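Asker: what shape does this take:
(2 chains)
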Number of protein chains: 2
Amino acid sequence: MQNKDYMQMAVQEALKAQGMTWTNPLVGAVLVKDDQVLATGYHHQFGKEHAEVNTLSHLADPKQAQGATLYVTLEPCSHYGKQPPCCKKVAEAGIKKVVIGQVDPHQIVAGKGIKYLKNHGVQTEVIGGTENLNVAYNFFYQQERPFVTLKYAMSIDGKINAAGKRRTMLTGDAAQVDVQKLRLQNQAILIGANTLRIDNPLLTVRIKNLPHPPIRIVLTKDANQLDFTSQLFKARGQIWLLSETKLTQKVGENVCCYTASKWTPAKVVQLLAEHEIQSLLVEGGSNIQAQFVAADLVDEIVAYVAPIVLGGTALPAVFGQALTGISHYQLLDVKSLNQDVRIRVRRKECLQE
Amino acid sequence: MQNKDYMQMAVQEALKAQGMTWTNPLVGAVLVKDDQVLATGYHHQFGKEHAEVNTLSHLADPKQAQGATLYVTLEPCSHYGKQPPCCKKVAEAGIKKVVIGQVDPHQIVAGKGIKYLKNHGVQTEVIGGTENLNVAYNFFYQQERPFVTLKYAMSIDGKINAAGKRRTMLTGDAAQVDVQKLRLQNQAILIGANTLRIDNPLLTVRIKNLPHPPIRIVLTKDANQLDFTSQLFKARGQIWLLSETKLTQKVGENVCCYTASKWTPAKVVQLLAEHEIQSLLVEGGSNIQAQFVAADLVDEIVAYVAPIVLGGTALPAVFGQALTGISHYQLLDVKSLNQDVRIRVRRKECLQE
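Answerer: Numbers count the residues shown, from 1 in each chain, chains lettered A, B, ... in the order given. Here you go, the predicted structure:
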């Protein structure tokens, strides 16, 4: 096996924890000696041991690590956080060489891990190829704001809803499951008060039991006008209300109200950045989508196209605020989901996959 | 090789004449004896010899056909049209067996060819699998109206045009070439007067020199108001103007004006049916698309989705006429065309592919 094959194995390890690491990156590792895999491991959950230590813990005898090569998808950390630094553990274990998928963009690590290893007699090599594991994490530490994804389902004639104010289910089961996977990859999900009222969504991840489910955010003029009997408020997990008016009534402990004179996409994104939330999924409605597009704050669009014609004067996917220019994206991929089609496009400068 | 392999070979032969056979179906044939292909052939062009005769003409010695099996994608004809009936030729050639892809839905043939062959001592077998060669032809003789396809390009937010009355080029070269192939498969192309004015399209097939290019149709309130210096009128080939007012001025000999008090999709389709036009491609605008959808006269939709956000209040793909119900289609296929995505959906009862 070659370097990149072992690294791919480490990527597969990392992916096992999708949705579980909260604001930590997904990290996987593989320990190899004489072309034999001695152990594999990954960062299982926010607050738990890192991938390197998890891998070492799987050795029958710690001495096996001596002279071995560790493949790890992200540069080992060098600072004391919730866990002692991995670099120290790696060097102490007698590992000869660390092959790294990607340098950590987080300033607290960023090259310091590699430096520590070198200073302690461990060879290092950065081979790349794991950047897609943590698109939002990387983006956040490079751009200092969350990676914003717009998601919507539309009919093949470009509408998100039939005319009138009722919910229209456009897509089938396979697309619904795909949306669950998309939510799993985001730390926050935002909708507008209209969407809350018309769709009455849960906005939860139901395919996996997450220790830190995405924060569900409702953008509204007046939080006091919201219907607190909506489904949203019945499911556990943090809820943020972004309101122009202070919330006067008492609601659940998981509900937090932030006020501003007017919530623009820039302000929303800034608030999330302050809380170190690295990813935001905007799930509608059409007017809020348009505001994010107009503010040039959309990094990826995931559109589900259903083989349905709504016709008439139904609302298109992004509607209501004039764009000064046309926004060009790059096609990331297209996938059939039974009867529906998923199209993903990404801002050109964000393109990694 | 098996029956279906030879039939596939015959299908490949048939496809060589795409766009060339006008209202005739595409037909291909393969002559086989002792597991050896003796000759192949196809119907090259409207008015030219049929596939069976074309195949026989490729034999060095006509006697070779004696005792051979002929694979032909469509039931051989039994009537005198522009050509003498193929059945007669096939029987006279001493062919032992005819394996047929599909019974001809055209009443003038429909089983009569098979009957003729049987009566003249030729074995026959219908094995199916060639129905997709002539979707519109089959549809026309079953439904007695042309097969209608809507085609549009839209942004990933479901718009066909930026706000304002100028043309917006959404898709790239690969999609443009694909549109040419789509036009090749249609006998008529329709647009509205607005689209003529804003887009000033040629509506021609430029990838192949067609003896009978698709009839280009413009739907308008008053044909006299059209700009006859538009590109459309400069390219050769039939043009039909469907107007509510008689055309008073003299225009080119290739231009024909039909009048009706109000041109509904049903009337358009009826006119085409009377002229035995089997397929119609509707290329916009958004209001005409909506009329065809509302009239339940759309059999297939070909949507090209570009990785562009137009945002604002730009027109969606199908707009302006309320639908009483939601129209459900079936996903036919999805294809990446460089940066664009083509999605094809078909009316469920038309599904053959």
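
Asker: what about the residue of the stretch 51-200 of chain A found nearest chain B, how many neighbours?
Answerer: Nearest residue of the stretch 51-200 of chain A to chain B, counting by CB to the nearest CB: A:Gly158, 2.0 Å away. In this view, the C-beta of every residue, glycine as well, is placed from N, C-alpha and C. Using other CB atoms under 10 Å in any protein chain shown, the number of residues around A:Gly158 comes to 33.

Asker: quick check: longest strand of chain A.
Answerer: Of all the elements of type strand in chain A, the one with the most residues (DSSP state E) is strand A:327-337.

Asker: show me which residues of it are buried.
Answerer: Residues A:327, A:329-332, A:334, A:337 are the ones in strand A:327-337 that count as buried (16 or more other CB atoms under 10 Å in any protein chain shown).

Asker: of those, list those near chain B.
Answerer: A:327, A:329-331, A:334 (CB under 8 Å from any CB of the partner chain).

Asker: need the contact partners of stretch A:219-228.
Answerer: Contact with stretch A:219-228 is made by A:190-193, A:196-197, A:218, A:241-249, A:251, A:257, A:263, A:268, A:288, as judged by CB atoms under 8 Å, 6 or more residues apart in numbering or on different chains.

Asker: go again with 6 Å.
Answerer: A:192-193, A:241-245, A:247-248, A:251, A:257, A:263 (CB atoms under 6 Å, 6 or more residues apart in numbering or on different chains).

Asker: identify the farthest-apart pair in the residues you listed.
Answerer: A:Gly192 and A:Thr248 (21.1 Å; CB to CB).

Asker: these two: who's more crowded?
Answerer: Here A:Gly192 and A:Thr248 are set side by side on neighbour count (other CB under 10 Å), and the busier one is A:Gly192, at 23 against 9.

Asker: run a quick neighbour tally on the closest residue to that one other than its chain neighbours.
Answerer: For A:Gly192, ignoring the flanking residues on the chain, the nearest one in space by CB to CB, 6 or more residues apart in numbering or on different chains is A:Ile288 at 4.5 Å. Other residues near A:Ile288 number 25, with proximity taken as other CB under 10 Å.

Asker: ditto for A:Lys151
Answerer: Per other CB under 10 Å, the neighbour tally for A:Lys151 reads 22.

Asker: what helix or strand does it sit in?
Answerer: Using DSSP states H and E, A:Lys151 sits in strand A:147-155.

Asker: quickly run through the sheet partners of that strand, with directions.
Answerer: Using DSSP bridges, strand A:147-155 pairs in its sheet with strand A:279-282 (parallel), strand A:300-306 (parallel).

Asker: ok, and for that strand, which residues are buried?
Answerer: Within strand A:147-155, the residues that qualify as buried are A:147-155, counting by 16+ other CB under 10 Å.

Asker: go through the residues you listed and name the one nearest A:Met9.
Answerer: Comparing the buried residues of strand A:147-155 against A:Met9 with CB to CB places A:Phe147 closest, at 26.3 Å.

Asker: contacting residues around that closest one?
Answerer: A:136, A:139, A:279, A:299.

Asker: how about the CA coordinates for stretch A:52-59, as PDB?
Answerer: Written as PDB, here are the backbone C-alpha positions of stretch A:52-59 (Å, rounded to 0.1, in the frame of the first residue of the first chain):
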ATOM      1  CA  GLU A  52      -3.800   9.800  17.600                       C
ATOM      2  CA  VAL A  53      -4.300   8.800  21.200                       C
ATOM      3  CA  ASN A  54      -7.300   6.600  20.300                       C
ATOM      4  CA  THR A  55      -5.200   4.800  17.700                       C
ATOM      5  CA  LEU A  56      -2.300   4.200  20.200                       C
ATOM      6  CA  SER A  57      -4.800   2.900  22.700                       C
ATOM      7  CA  HIS A  58      -5.700   0.100  20.400                       C
ATOM      8  CA  LEU A  59      -2.200  -1.400  20.500                       C
END
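
Asker: what mean pLDDT does that stretch get?
Answerer: Per-residue pLDDT over stretch A:52-59 has a mean of 93.

Asker: do stretch A:232-247 as well
Answerer: On average, stretch A:232-247 scores 95.

Asker: just the terminal-to-terminal distance for it.
Answerer: 17 Å (CA to CA, to the nearest Å).

Asker: could you look up the SS state of A:Lys267?
Answerer: Three-state assignment for A:Lys267 (DSSP: H, G, I helix; E, B strand; the rest coil): helix.

Asker: show the contacting residues for it.
Answerer: Applying CB under 6 Å, 6+ apart, the residues near A:Lys267 are A:Ala260.

Asker: any idea how far A:Thr259 is from A:Gln225?
Answerer: A:Thr259 sits at a distance of 14 Å from A:Gln225 (criterion: CB to CB, to the nearest Å).

Asker: and A:Gly284, by the same measure?
Answerer: Relative to A:Gln225, and taking CB to CB, A:Gly284 is found at 18 Å.

Asker: how about low-confidence regions in chain A?
Answerer: A:82, A:162-166, A:313-315, A:317-324, A:349-353 (pLDDT under 70).

Asker: which parts of it are helices?
Answerer: Applying DSSP state H to chain A gives helices spanning A:3-15, A:51-56, A:86-92, A:112-119, A:135-143, A:173-184, A:193-199, A:265-274, A:286-294.

Asker: helices or strands up against the third one?
Answerer: Applying 3 or more CB pairs under 6 Å, 6 or more residues apart in numbering or on different chains; DSSP states H and E, one finds that helix A:86-92 makes contact with helix A:51-56, helix A:112-119.

Asker: could the ones you listed go into JSON lines alongside distance to B:Glu274 and mean neighbour count?
Answerer: Formatted as JSON lines, the helices and strands packed on helix A:86-92 follow (distance: least, CB to CB, whole Å; neighbours: other CB atoms under 10 Å in any protein chain shown):
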{"stretch": "helix A:51-56", "distance to B:Glu274": "72", "mean neighbour count": "25"}
{"stretch": "helix A:112-119", "distance to B:Glu274": "78", "mean neighbour count": "19"}
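
Asker: got the ones you listed as a markdown table, with distance to A:Gln2 columns?
Answerer: Formatted as a markdown table, the helices and strands packed on helix A:86-92 follow (distance: least, CB to CB, whole Å):
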| stretch | distance to A:Gln2 |
| --- | --- |
| helix A:51-56 | 19 |
| helix A:112-119 | 21 |
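
Asker: ok, A:Lys16 - how many residues close by?
Answerer: Neighbours of A:Lys16 using other CB under 10 Å come to 14.

Asker: how far away is it from chain B?
Answerer: The gap separating A:Lys16 from chain B is 30 Å, by CB to the nearest CB, to the nearest Å.

Asker: please apply the same query to A:Lys250.
Answerer: Counting by CB to the nearest CB, the gap between A:Lys250 and chain B amounts to 39 Å.

Asker: for that residue, give me its contacts.
Answerer: By CB under 6 Å, 6+ apart, A:Lys250 lies in contact with nothing.

Asker: spatially nearest residue to the residue located most distally from the centre of chain A (excluding sequence neighbours)?
Answerer: Computed with CA atoms, centre = their mean, the maximum C-alpha offset from the centroid of chain A is found at A:Lys63, amounting to 37.1 Å. Nearest non-adjacent residue to A:Lys63, counting by CB to CB, 6+ apart: A:Gly94, 7.7 Å away.
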